[in-house]
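Q: just coords:
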Ligand SMILES: [Zn+2]
């Protein structure tokens, strides 16, 4: 699976994430998957309701339900996104226990160095233990 997004999409994702600092930002990636190409078209921010906003994320369930219900064939939830304000873009133990493992992609944006953000996108597989691999992406 290859991931494609345009510059303005990435810019929106980045701007929102920086604005939320020092909190973790989270949301859904909406788009399409066709011929093994995932095209990200819209970022849907979801309010983080975790107790410790700077170190974890819990998505507001009402907003999640709304996003799930507003999917269409041309705009499906194809990824889940969150930031690591003060850690590398690696999956944490908590991230690996996600209930969203059936989604095609897991996006992590590290803002450890806010002037040099690092995006990594993974595919998780719910084995024992959970396995994952990095997905290639292009911003154009
Ligand atoms: Zn995480």
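A: Everything's here; your move. Values in this document were obtained by computation on a predicted structure and should not be read as measured data.
Q: next one: residue 123 from the ion, what distance?
A: Distance, residue 123 to the ion, using C-beta to the ion, to the nearest Å: 15 Å. All C-beta atoms are positioned from the backbone trio N, CA, C, and that covers glycine.
Q: in its sheet, what does the helix or strand containing residue 133 sit against?
A: If you go by DSSP states H and E, residue 133 is part of strand 131-134. Applying DSSP bridges, strand 131-134 is found paired with strand 118-125 (antiparallel).
Q: can you tell me what sits against the strand it pairs with?
A: Applying C-beta atoms under 8 Å, 6 or more residues apart in numbering, the contact partners of strand 118-125 are 1, 3, 10, 79, 88-91, 96, 98, 101, 104-110, 112, 130-135, 137.
Q: mean confidence for it?
A: Averaging pLDDT along strand 118-125 gives 96.
Q: that one: which residues count as buried?
A: For strand 118-125, a neighbour-count test (16 or more other C-beta atoms under 10 Å) marks 119-124 as buried.
Q: tell me which two in the residues you listed are the farthest apart.
A: 119 and 124 (16.4 Å; C-beta to C-beta).
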